[in-house]
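Enquirer: sequence unknown, structure follows:
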C-alpha cells in the first residue's frame, strides 16, 4: 500500500520521537502524549527493538529471579480493585508464622534464590518488631541474600527501623498519578500520602519500587503520561506495572480489565525513560496472555518472581481473578522457568541482581 504524504510525515515524526527517546531517555509530555496516541504496529516493533537494546546495554541477557513469599492476606486497606481488601468477606485469610517464612526462605535458598520478596496486605499484626525479627533472622541464616518488602504505607520511622534491620528494597506501587481516580479507588486514603511514602523510602536509601496499573476505568493517554512523568521524576530503582485485572468479589467486578498491548507499550516506554531500572515481567502480565511474560522480556523486562508461598496458601492471595499460581509461575517448576527463559534467548540470574541505578 502506498502511503500518502500525510502518512509519511506522521511516520517520520513517530520514528524521530522514538529515536530521541532512545538517545536522550526523555521526551516532553506533549511528545509522549502524541507518540502514545499515534504509534502503529510497525513503529511499536521498532520501539520494542530499541527498548530491548537498552536493557541489553545495562543488563545484558540476564533475567533476575526473585523468590516471592506472600506471607499474609490480611489487609486494613479498602482498595476497590483488590480481592484481599478489608471489605471482602469471601476470602480465606491467613498469616504465615515466622517459622513458615524462614522455612520457605531456606527452601528458596536451596533452590538458588538470593532475593526474597516478602509481600503482604497492610496487616496490623505485623508490627515493626515482628517484621524486624523475621528480617534479621533471614539475614542471619542467609547472609548474602537481599530482602525486599512489599507491605504498603508505613510511617517514616517505621521505614527507617526496617531499613536498619536489614531490608534492602521496598515495593510500593503508586497505582495511578490521577489524584481523582486514586481517591475513587481508595475512598479513605490519598495519593499524596502514597507519594510521601515513596519519597521517604528513597531518602532512606532503599532500592525503591513504584509502578501503576494499565487499563484502569476511564484511563486516558494523558493519565499514562502523568504516570510516566511521575516515574521519571521519582527515579525508582524498580518499576512494577501490569494490567488491571478484575476480581469477582469486588465492587469493580464488572469493569473491563487492562490489555496486553497497552501494557507492553508502557513497559517499553519505561525502559527507555529509565534505562537502568529493574523491570519485572509481572504475574499479571502472564495471567492475561500465555505469551505475556515472553513478550515482556523480549522488549526489555528483566525480572521474574516465581512464587515460593506454601501451596496451601497460594490460592488465597487472590488480588485479581485467574492469577497464575501454579505451573510455570511456581517454584516447583523452576527448571521449566529456566528452560523458558533460555528458549527466549536469555538466561536466569539467581543472584541478588541489584539495580544498576544505585551505582
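Expert: Yep, it's here. Everything numeric here is computed off the predicted structure, so don't read it as measured data.
Enquirer: what about residue 129, neighbour count?
Expert: 10 (other Cβ atoms under 10 Å). In short, each C-beta sits where N, CA and C put it, glycine included.
Enquirer: cool, residue 168 as well?
Expert: For residue 168, using other Cβ under 10 Å, the count is 19.
Enquirer: Does it touch residue 204 like I think?
Expert: No - applying Cβ atoms under 8 Å, one finds residue 168 not in contact with residue 204, separated by 11.4 Å.
Enquirer: Next, residue 139: phi, psi?
Expert: Per-residue torsions, residue 139: phi -70, psi -30 (degrees, to the nearest 10).
Enquirer: Let me fix that, I meant to ask about residue 120.
Expert: phi -160, psi 170.
Enquirer: same check, this time on residue 162
Expert: phi -70, psi -40.
Enquirer: what about residue 208, which SS state?
Expert: strand (DSSP: H, G, I helix; E, B strand; the rest coil).
Enquirer: What's opposite it in the beta bridge?
Expert: residue 170 (DSSP bridges).
Enquirer: what about it, neighbour count?
Expert: Residue 208, neighbours per other Cβ under 10 Å, totals 25.
Enquirer: Surely it touches residue 236?
Expert: Yes - counting by Cβ under 8 Å, residue 208 touches residue 236, with 4.9 Å between them.
Enquirer: Overlap of the contact sets of these two?
Expert: Residues within reach of residue 208 and of residue 236 at once, by Cβ atoms under 8 Å, 6 or more residues apart in numbering, are 198, 202.
Enquirer: which stretches of the stretch 251-359 of the chain form strands?
Expert: 303-304, 347-349 (DSSP state E, counting those that start in this stretch).
Enquirer: Low-confidence stretches in this structure?
Expert: 1-2, 320-332, 359 (pLDDT under 70).
Enquirer: got a list of what the most centrally placed residue in it touches?
Expert: Ranked by distance to the mean C-alpha position of the chain (Cα atoms, centre = their mean), the top residue is residue 240 at 1.9 Å. The neighbours of residue 240, taking Cβ under 8 Å, 6+ apart as the test, are 171, 173, 209, 210, 211, 280, 282.
Enquirer: picking that back up, which stretch among the strands of the stretch 251-359 of the chain comes nearest residue 112?
Expert: strand 347-349 (9.0 Å; Cβ to Cβ).
Enquirer: name the helices or strands packed onto that closest one?
Expert: strand 62-65, helix 334-343 (3 or more Cβ pairs under 8 Å, 6 or more residues apart in numbering; DSSP states H and E).
Enquirer: From the contact counts, what lies against the following helix or strand past the shortest one?
Expert: In other words, strand 62-65. Next in sequence after strand 62-65, counting helices and strands by DSSP states H and E, comes strand 67-72. Using 3+ Cβ pairs under 8 Å, 6+ apart, the elements in contact with strand 67-72 are helix 98-111, strand 115-120.
Enquirer: before we move on, the earlier item: for residue 16, find the nearest of the helices and strands packed on strand 347-349.
Expert: Per Cβ to Cβ, nearest to residue 16 of those: strand 62-65, 31.3 Å.
Enquirer: Tell me which strands the closest one pairs with, and in which orientation.
Expert: strand 303-304 (parallel), strand 347-349 (parallel).
Enquirer: Most widely separated two among the contacts of residue 240?
Expert: Maximum distance among those (Cβ to Cβ): 13.5 Å, for 210 and 282.
Enquirer: Neighbour count for these two, which is higher?
Expert: Each of residue 210 and residue 282 has its neighbours counted (other Cβ under 10 Å); residue 210 has more, 28 against 23.
Enquirer: Please list all residues in contact with the more buried one.
Expert: Going by Cβ under 8 Å, 6+ apart, the list of residues near residue 210 reads 172, 173, 174, 198, 230, 231, 234, 236, 238, 239, 240.
Enquirer: same thing but at 10 Å, please
Expert: 170-175, 194-195, 197-198, 201-202, 227, 230-231, 234-241, 277 (Cβ atoms under 10 Å, 6 or more residues apart in numbering).
Enquirer: Quick check on these: which are buried?
Expert: Using 16 or more other Cβ atoms under 10 Å as the burial test, the contacts of residue 210 include 170-175, 194-195, 197-198, 201-202, 227, 230-231, 234, 236-241, 277 as buried.
Enquirer: I am finished for the moment; much appreciated.
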